[in-house]
Structure formats: structure tokens, C-alpha cells
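Student: build the 3D model from these lines:
(chains A and B)
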Amino acid sequence: MAFTRSFAASFALVFCVATQAQAETIQVVIDKLVFSPASITAKVGDTIEWVNKDAFAHTATVKGSWEVMIPPKKTVAQQLDKVETVDFYCRFHPNMKGSLIVKAD
Amino acid sequence: MLAKPLAVLAALCFFGSATLVRAHDNPTDPQIAHIAYTAGVIDIEAAKLAVEKSKTPAVVDFANGMIRDHEAVNVQALDLVKKLNVTPEDNDTSKSLTAAAATKRSELSGLDGEAFDKAYIENEVAYHKQVNGALETLLIPSAQNAELKDLLETGLKLFQGHQAHAEHVAAELK
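Tutor: Next comes the predicted model:
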């Protein structure tokens, strides 16, 4: 019993690690009021790291959907959990724009 | 009211480009730092007044954005002058900016409701337009230190966004 349980646990662990290994981390750098890259293609399970190099607070906002707050000089991670094709912008500085395509894993 | 000192700046620029620029026509880095910081403080003070007086969400949001961004820029400006060991130097442009802002402030203080919103936002459009013009044509070209120039350039980009935002709010109020 104990063996089975520990085997199951190891299997789950391996499975988990294997799944995570496929997920990628994509860095989006914000510098001088520009998202770079501005066009992002990712898949469900990937993580976006929003790296704010500016001294000003920014957001990555999808109108009517989600918003990530990115404080000055901070990095914020966002895991992508659904398939979507959206345009995002900074709510504080609406001239800052980008697009995101999240594909199925 | 702010039109006056900035018109002086604009005139300086115009003549500067039309004739040979003499060294003393252009502000020095310590003066530029003082002008930029003063311009920021003026906008922060106006925004605080708007947060206190306005009940219109679009106006209050805009004003909070001005406080957040201009305070951030001014912190950077102070850090930079400290790093460069430069003492910001008061000058006629800073003085007239401050005097004009005081007049505008008393004018805005006497207004309420829609009249306040309209006057505040319209002044924000005009103020950012004038400051951006001065940055573009006089302050950035005159700045000698590369880091100061860089900060002014980022400021210009930021304030152009503010101008667009103010124009958008002004259009909404109409």
C-alpha cells in the first residue's frame, strides 16, 4: 500500500514536472512607456512576466476583461489560463498598446 | 495665465532658431532642472485641488493620474540632481510659472461643479501643450547632461500622453 501510494505520488510529481517543463515564461518589458514586444503569442499555461523598468505605475488592461497592475520598477507574473485573442493597453497611459494571442496547449 | 511665461519660452525659441543663439539665451542644466520640477509641482497642486473639488469620476481619475505620474517624475528628477551633484537654480521662467499658477489656482478655487471641471481640464490641455512645446523646442535641446536629457525626453513622452488624456476628458465633458 505504502509503495503504491508513494509510486503514485512520484508519478504525479513527474507528470507535474513534465507538464510545467512545456510551459514557457515570456518576458514583456515596459521601458519608457512602451510594451516590448507589443505583439505576444503564447499558449495556455504559459506565464507572462511583465517587467516594468519605468518609474511610473502601469497596467496591462483588456477592456471589460482582466487587468494586471504593474508597479514602478517591479515584475509581475501572470499565468495564462484561457484561449483568447485580445488587445491590451495601459489604463494610466492609454497610448501604450499591445496584443496578445493565447493558443490552446 | 500660464500662457505668458511659456510664450516667453516659445518666443525665446523662435528667436533662437531664427538668429544665432547666444549662450545666455538658453537655460543651464540647473535652471532646466528647476523649471521641470516647478512645472511638475504646479500640476500636482492643481490635481490635488481637482481631487478635492470635483465629483466627476473622469476628472478625478485624470487628476489622480497627474499626481501619480508627476510625483514619480519629480522623485526621479530629485534623485538625478543629487546624483549629479547639481543644485537646481531658481530663474525667471520658474518664477513666472509659479506666479501664473497662483493666479490660476485662485481662479479655479472660486469655481464649482461643471464650471470647475471644465476650467480645470481646459487648463490641463493648455498647460501640457505649452510645457510639451517648451520641452521639445527649448529644454531638451538645451540640456547638456545626457541623463537629464533622457529624463526630459521620457517626461515629454509621458506628458504628451497626459495631453491626449486631458483632451479626451475635455471632449467627454462637452
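Student: which residues of chain B lie near chain A?
Tutor: Neighbours of chain A within chain B, by C-beta under 8 Å from any C-beta of the partner chain: B:65, B:68-69, B:72-73, B:75-76, B:154, B:157-158, B:160-161, B:164-165, B:168. All C-beta spots, glycine's among them, are computed from the backbone N, C-alpha and C.
Student: out of these, which are buried?
Tutor: Burial by neighbour count, 16 or more other C-beta atoms under 10 Å in any protein chain shown: within those this picks out B:Gly65, B:Asp69, B:Ala72, B:Val73, B:Gln76, B:Thr154, B:Lys157, B:Leu158, B:Gln160, B:Gly161, B:His165.
Student: same for the one helix or strand B:Phe62 maps to, what does it pack against?
Tutor: Assigned by DSSP states H and E, B:Phe62 belongs to helix B:57-84. Helix B:57-84 makes packing contacts with helix B:29-53, helix B:113-134, helix B:146-173 when contacts are defined by 3 or more C-beta pairs under 8 Å, 6 or more residues apart in numbering or on different chains; DSSP states H and E.
Student: tell me which other helices or strands the shortest one touches.
Tutor: What it means is helix B:113-134. The elements that helix B:113-134 packs onto, with contact taken as 3+ C-beta pairs under 8 Å, 6+ apart, are helix B:3-18, helix B:29-53, helix B:57-84, helix B:92-109, helix B:146-173.
Student: low-confidence stretches in chain B?
Tutor: Screening chain B residue by residue with the criterion pLDDT under 70, one finds the ranges B:1-24.
Student: switch to 90 and redo it
Tutor: Scanning chain B for pLDDT under 90 picks out B:1-26, B:174.
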